[in-house]
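Participant: Compute the structure for the input listed below.
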Amino acid sequence: MKKLVVILLLTVLLVVPAACAGRAPEDNNLGTDQSGITFPGVAPAPSEGKGGFEMPEPSPTTPPAFDISDSSASAATESMIVRTANMSLIVEDVARIIDQISNLAKTNDGYVVTSGVWRSGERLVGSISIRVAVGSFDATILALRGMAAEVTSETTSSRDVTEEYVDLEAKLRNLQAAEEQLLRLMDRAEKVEDILAIQRELTRVRGEIEQTQGRMQYLERTSSSSLIDISLQESRLSVKFNASNNAVKTGQTIRFAPEVSGGFTPYSYAWEFGDGRTSTSLSPTHQYTSRGSYTVSLKVTDDKGNTAEETRENYITVTSSWAPGNVASNAWNALGGFGRGLVNVLIWVGIFSPVWIIIGAFVWWLTHRRKKKAAR
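Facilitator: Coordinates of the predicted model:
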C-alpha cells in the first residue's frame, strides 16, 4: 500500500504539472516497474516485501515513453486566428435586411446564431449574429456595407490562439499518458483501498482530459469560422395620423395625433386641414367654421431630410351648430308655420260655416224650449 501511494504521488506531482506547463522536460530520468511501465522523471522506490510492487533499477539506456517538443508541435499545427466583427447599420427595412443577412451567411458556409426585431420608441430596430467561414470574412463585411444606407460603426478584431492550442495538445497527451499509467496500476491492484485510491485519481485526470478536449474543440470551431454581430436601425419613414373625432359641428375642437416610425429623430411636422389653415405642432387642435367635408394631410421630415406624407380625402365632416342667426331663422320659420296653420283653420271654418249655423240654431232652439218647460 505504501509503495502504491508513493507511485500515485509521484505521478501527480510530476506528470500533471508537466501537462499544465504544456511541455515535457528535455532530460528525463526514467523508471520502470516490473511490467515495463515507464514514469517520466520518477525515480524508482525501494523494493517492498512480499505483497508489494517491486520497482527494479532503471536502465540508463531506456528511451522515454513520450517526448513533447514545442517546436515540433508548433510546426505541426497551422496558425489559428479567431476573427470577430461588430457593425451598426442604418437600413431601409430591418425585416428585409435580416432575411438578406441570413441568406448571406448560408452562401458563405455559415449560419445564423441569433436574430430579433423589436420597436424602440418610434423606431424599428433589430440585431443578428452570424458565423461565416473564416476565408469569407472580408467578403461578408463588404456585402454588409453594401446593404446599409449608412454604417454608423464598425470594429474588427483578430486573436492568435495557435500557442494556446499547442499547449493544450501537449497537456492532453500528458494527461492521456497519466490515464494509461493509472489504468495499468488499476489492473495490478489487489486491495480495495488501492483500487479506490486509483479510481479517485483516474476520475480527476479524466475530468481534466474532458476540459482540455472541450477547450481545444472550441478553439477549432471559433478559428474555422468568424463571428459577426450586426445591429440594425430602420431609416424608412412611415407616417399615419388620426383625429379625435371626424364628424363634428362647426366650432367644435378636434385634436390630431401622428404615428411616426423609422427615420432619424427629431421630426418636423407640416399639417394641412383642408380649409386653408396649417400647423407645425406635433399634435395640433383645430376648429372648422363652415359646413362641409375636408381633406387633411400630414408631411413629416426627419433629421436626415427624409420625408413621408399621408393624405386622407374627405376625412372630416362638419355640420351646422347653434348660432343667433340660426335661431332667428328658425323663429321666423316657426311663425310662418303658425300663420299658415291659422289661415288653414279660417278657410276650413269658412267652407263649413252653413253647417255650423244650422247646428248652432238647433242647439239654441233645444235649449230655449227646455227653459220654457222648466218655467211652467
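
Participant: Test my guess that residue 243 contacts residue 317.
Facilitator: No. Under the criterion of C-beta atoms under 8 Å, residue 243 lies out of contact with residue 317, with a separation of 10.8 Å. All C-beta atoms are positioned from the backbone trio N, CA, C, and that covers glycine.

Participant: Next, residue 212: secondary structure please.
Facilitator: Reduced to three states with DSSP: H, G, I helix; E, B strand; the rest coil, the structure at residue 212 is helix.

Participant: what's the burial count for it?
Facilitator: Taking other C-beta atoms under 10 Å as the criterion, the count of residues near residue 212 is 22.

Participant: Low-confidence stretches in this protein?
Facilitator: Where the chain drops to pLDDT under 70, the residues are 1-77, 121-122, 322-339, 343, 346, 348-356, 376.

Participant: And the residue positioned nearest the centre of it, which helix or strand is it part of?
Facilitator: With distances taken as C-alpha atoms, centre = their mean, the residue of the chain nearest its centroid is residue 116 (3.4 Å). Using DSSP states H and E, residue 116 sits in strand 111-120.

Participant: what's the distance between the following helix or strand past that strand and the middle of its chain?
Facilitator: Past strand 111-120, further along toward the C-terminus, the next helix or strand under DSSP H and E is strand 123-133. Taking C-alpha atoms, centre = their mean, to the nearest Å, one finds the center of strand 123-133 at 9 Å from the center of the full chain.

Participant: hey, C-alpha coordinates of strand 123-133 in CSV?
Facilitator: As requested, C-alpha coordinates have been extracted for strand 123-133 and formatted as CSV (Å, rounded to 0.1, in the frame of the first residue of the first chain):
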residue,chain,number,x,y,z
ARG,A,123,-38.1,53.3,-34.4
LEU,A,124,-38.0,49.7,-35.6
VAL,A,125,-34.6,48.1,-34.7
GLY,A,126,-33.1,44.6,-34.9
SER,A,127,-30.0,42.6,-34.4
ILE,A,128,-28.5,39.5,-35.9
SER,A,129,-25.3,37.4,-35.2
ILE,A,130,-23.8,35.2,-37.9
ARG,A,131,-20.9,32.9,-38.3
VAL,A,132,-19.2,32.6,-41.7
ALA,A,133,-16.2,30.6,-43.0
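
Participant: got the angle between it and strand 111-120?
Facilitator: Between the axis of strand 123-133 and that of strand 111-120 there is an angle of 170 degrees, by axes from the mean of the first three to the mean of the last three C-alpha atoms, to 10 degrees.

Participant: by contact count, what packs against strand 123-133?
Facilitator: The elements that strand 123-133 packs onto, with contact taken as 3 or more C-beta pairs under 8 Å, 6 or more residues apart in numbering; DSSP states H and E, are helix 94-107, strand 111-120, strand 225-234.

Participant: Pairing partners for the last one, with directions?
Facilitator: Right, strand 225-234. Strand 225-234 has its sheet partners listed here by DSSP bridges as strand 81-91 (parallel), strand 123-133 (antiparallel).

Participant: so which of those gets nearest residue 218?
Facilitator: If you check each of the strands paired with strand 225-234 against residue 218 by C-beta to C-beta, strand 81-91 wins as the nearest, at 9.9 Å.

Participant: So what touches the closest one?
Facilitator: Here strand 81-91 makes contact (C-beta atoms under 8 Å, 6 or more residues apart in numbering) with 97, 134, 137, 141, 144, 147-162, 219, 222-223, 226-235.

Participant: Just the buried residues out of the residues you listed, in PyMOL syntax.
Facilitator: Provided next is the PyMOL selection string for whichever of the contacts of strand 81-91 are buried by 16 or more other C-beta atoms under 10 Å:
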select buried, resi 97+134+137+141+144+147+148+161+219+222+223+226+227+228+229+230+232+233+234+235
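
Participant: re the thing from before, dump the helices and strands packed on strand 123-133 into JSON lines; add distance to residue 189 as well.
Facilitator: Formatted as JSON lines, the helices and strands packed on strand 123-133 follow (distance: least, C-beta to C-beta, whole Å):
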{"stretch": "helix 94-107", "distance to residue 189": "54"}
{"stretch": "strand 111-120", "distance to residue 189": "48"}
{"stretch": "strand 225-234", "distance to residue 189": "46"}
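
Participant: To residue 368, which of the ones you listed lies closest?
Facilitator: Distance to residue 368, taken as C-beta to C-beta, is lowest for strand 111-120 among the helices and strands packed on strand 123-133, at 98.6 Å.

Participant: Packing partners of that closest one?
Facilitator: For strand 111-120, the packing partners by 3+ C-beta pairs under 8 Å, 6+ apart come out as helix 94-107, strand 123-133.

Participant: on that earlier part again, show me what the residue nearest to the centre of the chain is bridged to.
Facilitator: Beta-bridge partners of residue 116, counted by DSSP bridges, are residue 127.

Participant: so who does it touch?
Facilitator: Going by C-beta under 8 Å, 6+ apart, residue 116 touches 126, 127, 128.

Participant: In contact with the first one, which residues?
Facilitator: Taking C-beta under 8 Å, 6+ apart as the contact definition, residue 126 lies against 94, 95, 97, 98, 115, 116, 117, 118, 231, 232.

Participant: quick one: the lengthiest strand in the chain to chain centroid distance?
Facilitator: Longest strand in the chain, counting residues (DSSP state E): strand 307-319. Relative to the mean C-alpha coordinate of its chain, strand 307-319 is positioned 36 Å out (C-alpha atoms, centre = their mean).
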